[in-house]
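>>> pasting the sequence and the predicted coordinates here, then a few questions.
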Amino acid sequence: MNKEALIVSEASMHTDTMFLNMGPQHPSTHGVLRLGLTVSGEVIAKAVPDVGYLHRGIEKLMETRTYNQGVVLADRLDYCSAMPNGLAICLAAEKLMAVTAPPRAQALRVLMCELNRIASHLIFMGTYGIDIGALTPFLYAFREREMILDLFEMCCGGRLTYNYMRLGGVSNDIDDNWIAKCREFLEFFKPRVDEYDTLLSFNPIFRSRTQDVGLISAQTAKAWGLSGPNLRGSGVNYDVRKSDPYCGYDRFDFNVPLGQTGSCWDRYYCRVQEMRQSVRIIEAALADIPAGEIMAKGLAKIPKPPAGEAYAHVEASRGDLGVFLASDGNAAPYRLHLRAPCFINLAVLQEILVGNKVADVVAILGSFDIVLGEVDR
Amino acid sequence: MNEQQPHLPLDGGASKPKPETAKPAAAAKASLPKPVLNHRSGKLLIGTRYWPTEVWKSPWSLPRYRAGALWLAGIILGIIGIGAAVGELAAWGDKLLVLMPKLGLPALAVAWIWVLIKLGCVIGVIVANGLWAVWWERKISAHIQSRFGPMYAGGFHGWAQTIFDTIKLLLKEDITPASADRVIHTLAPVITIAPCVMAFAPVLFGKELAAAKIDVGVLYIFAFAGISVIGIVMAGWASGNKYSLLGGLRAAAQMVSYELPRGFSVVPVIMFAGSLDLAVIDAAQAGYWFGFIPRWFVFYPVVGQIAFLFFLIASVAETNRTPFDIPEAESELVAGFHTEFSGMKWSMFFLTEYGYVLLSSFLLATFFLGGGAPLLPALKFIPSWIWMTGKAMSMMFVFLWFRWTFPRLRVDQLMDFNWKFLLPWSFANIALAGVVVWWGLK
């Protein structure tokens, strides 16, 4: 009897891989990201992220415009949290000109950046729920985000791109009415975060989908240069607000939430906890806003920083956003380079996607919270 | 609106600002939220928009909430009243069957007309259910998500929305992709929906109210409901799209797997009733313990509840709905097996999905919730078809509720849950049912 013929081995079965083109038009690539996936059945054998579909040449455009006009463009980078983008440009230019914003402007900057962090993390939470298949948290998140946008609209008139940060200060002041509305929002928002925990964060199905998926060790996270909640989800304690405080962040008492294993759920929950910490910062900031001017005195309408180089970075909602400026003394920067956290966070995908299922690709990609406006610039 | 003056008047200060006097009208409007103006532009900002903080303080003080509750109570009472006035539908059918030969129709014509009437009723139920369920799902999802859902089409709470949607779907261009297998692509929706319609033949809509009296009704329904998966695999295969292919294969794996626990979870019911005939299962649940606890199978200690839950879970999986909607997982596979379908072909898949939800709801009502039996002896004046439909609709609500609450499982977790949990425990439940029957608890 020919026993050999009865043995079914991996080698005797002919299997083939399939190339699956995920994106640039796909419901859950969060924009126009393209992932070239080589799948064997439903398991990923190779993943190649392909970026550049939204490239607008923002860095180059900024080099032909004045610094305050650059802030307008910076709002279009990470459009889900536009406040810190403008801030990074302003901080770099202020460093170059040796100007500091008045204390009230600094407090307002902190206030707006933290509100925007909550708004941005709400978008993340909602869209991540949709990625995993829970459609309802999205609407709840947008309901709360709408209130933050109303606050922004009350203050500066913009709802998505604010053009709020100015070289040497901010564009608009707030009044008591605004502060009362902001307090009303915070009181409404605090119990809602606990609600999200019961609806989504600790849902057994949600946890089983995200708990042991997309693990990134602290070593890998550091090696690939991750930043923001993606890095902190792996347990690395790095937050620009703590390590290199700007705008008086050292005045505030807040914790940096850290994950343990670097799974999708850790990255997700880091953001949920950050919303709670942001509420703390906003409450403290609202409690004592220094009186005074919101713009530094003695600045030209079109500032021309002296020739030189400067680098400033802020903790944007998605990570460490850095701006390198080189000035030759003109009204426009000679060279402007952005260290975009989303773009750098994206690179680790090709390493951690392999071996996961197609459904996990969505879970992992979603947990990075990318915004393609910043990836492609 | 003029309570707060903007810092800069819009006309550049040409007009004199009004003197700020306390107006009595403003005091009367104190309960309304204060309008908020942008302090620079003077534009009215959120005075016209309500924040949830303002609405949520006491929702019942809003006239809208109270009116809504009254409408709902009125509609339910109206349906019960109409039902009580009409009485049993099966009796009207019998009258019609007696009337037709009296009008001089030959026996063969009577038989054919009778079959056509029943066929029309079943297809009508499935199509009307599609219209109703889509509207209801949109309403339920909207209210879960603090929205309103359709509000305009037709006037009252957007009741005509799905009718207009259907007209749109009928008028849409029917696109077959160039890489698709044209014949199979066209055949797939037909093969999916035909078994769904046929599976409704023995389904009880009330006491003795079924299109066909089949004494192996349970087997018949499960057999036909299992055929639809072929259509779905065909749709996935013939679309010429990799996402569709993955969706079709996932559907095959899922639906074939979940048929087992679904079938086995009904075995205790069959053991209690001693028959595969739906009418007998329905009749077996009549009566009350101690005069007020209905003898429904779901109230049988432990066995009934386990069987009910397993059948519910397996039914959700069989109908490809969240948390088991991996064949059409829109965030992963775009739309799964029906990505490449449009117009009426696409809506046939949806009609099938909602048809199976309705089928599962009626089966849940028949197997576990006593069918047409009233909840309390005092409520006997409400006819059985109202009870049956009401129970089925409450089960359908559970299906819709699941969809808007749960995330989606992953393929391997789905299979693990089926083969490692549902199936073994449904076997254990059959053994437990055997003990119950042996002790004569029934």
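Happy to help now that I have it.

>>> and B:Val280, what element?
helix B:278-284 (DSSP states H and E).

>>> let's see that helix as PDB, backbone CA atoms only.
Presented in PDB, the C-alpha positions along helix B:278-284 are these (Å, rounded to 0.1, in the frame of the first residue of the first chain):
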ATOM      1  CA  LEU B 278     -45.200  24.300  14.500                       C
ATOM      2  CA  ALA B 279     -48.900  24.200  15.300                       C
ATOM      3  CA  VAL B 280     -48.400  21.400  17.800                       C
ATOM      4  CA  ILE B 281     -45.400  23.300  19.400                       C
ATOM      5  CA  ASP B 282     -47.600  26.400  19.600                       C
ATOM      6  CA  ALA B 283     -50.500  24.500  21.200                       C
ATOM      7  CA  ALA B 284     -48.200  22.700  23.700                       C
END
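
>>> how far off centre is that helix?
In terms of Cα atoms, centre = their mean, to the nearest Å, the centre of helix B:278-284 is found 24 Å from the chain centre.

>>> need the next SSE after that helix, C-terminal direction.
Taking DSSP H and E, what comes next after helix B:278-284 is strand B:288-289.

>>> partner strands of that following strand, with direction?
strand B:293-294 (antiparallel) (DSSP bridges).

>>> which positions in the stretch 151-300 of chain A make contact with chain B?
A:153-154, A:157, A:172-173, A:175, A:177, A:181, A:184-185, A:187-188, A:199-200, A:203, A:205-206, A:208-209 (Cβ under 8 Å from any Cβ of the partner chain). Glycine gets a C-beta too; all of them are placed from N, C-alpha and C.

>>> if we can go back for a sec, what residues does the helix holding B:Val280 touch?
Residues outside helix B:278-284 that contact it (Cβ atoms under 8 Å, 6 or more residues apart in numbering or on different chains): B:202-204, B:207-208, B:210, B:213, B:217-218, B:269-270, B:272-275, B:366-367, B:370-373.

>>> which of the residues you listed fall within helices?
Using DSSP state H, the subset of those located in helices is B:217-218, B:269-270, B:272-273, B:366-367.

>>> ok, and the closest non-adjacent residue to the closest residue to chain A within the stretch 51-200 of chain B?
Across the stretch 51-200 of chain B, the shortest distance to chain A (Cβ to the nearest Cβ) belongs to B:Gln145, at 3.7 Å. Of all residues not flanking B:Gln145 in the chain, A:Leu139 sits nearest, at 3.7 Å (Cβ to Cβ, 6 or more residues apart in numbering or on different chains).

>>> show me what contacts B:Ser275?
Taking Cβ under 8 Å, 6+ apart, we find B:Ser275 in contact with B:215, B:281, B:284.

>>> what bits of the stretch 1-150 of chain B have low per-residue confidence?
Scanning the stretch 1-150 of chain B for pLDDT under 70 picks out B:1-50, B:54-55.

>>> now do the helices in it.
All helices of the stretch 1-150 of chain B, identified by DSSP state H, counting those that start in this stretch, fall at B:24-28, B:52-55, B:63-86, B:89-102, B:107-144.

>>> okay, angle between the longest one and helix B:63-86 too, please.
Translated: helix B:107-144. Angle of helix B:107-144 versus helix B:63-86, following axes from the mean of the first three to the mean of the last three Cα atoms, to 10 degrees, is 160 degrees.

>>> what about residue 235, how many neighbours?
With no chain named, the answer covers chain A. Counted by other Cβ atoms under 10 Å in any protein chain shown, the residues lying close to A:Gly235 total 17.

>>> wrong chain, I was asking about chain B
Counted with other Cβ under 10 Å, residues neighbouring B:Ala235 total 31.

>>> need the contact list for it.
Per Cβ under 8 Å, 6+ apart, neighbours of B:Ala235: B:185, B:188-189, B:192, B:244, B:248, B:337-338, B:341, B:349.

>>> before we move on, what about B:Leu422?
B:258, B:261, B:310, B:313-314.

>>> one more: B:Val122?
B:197, B:200-201, B:211.

>>> what secondary structure does A:Gly36 sit in?
When classified by DSSP: H, G, I helix; E, B strand; the rest coil, A:Gly36 comes out as strand.

>>> could you measure from it over to chain B?
For A:Gly36, the distance to chain B equals 13 Å [Cβ to the nearest Cβ, to the nearest Å].
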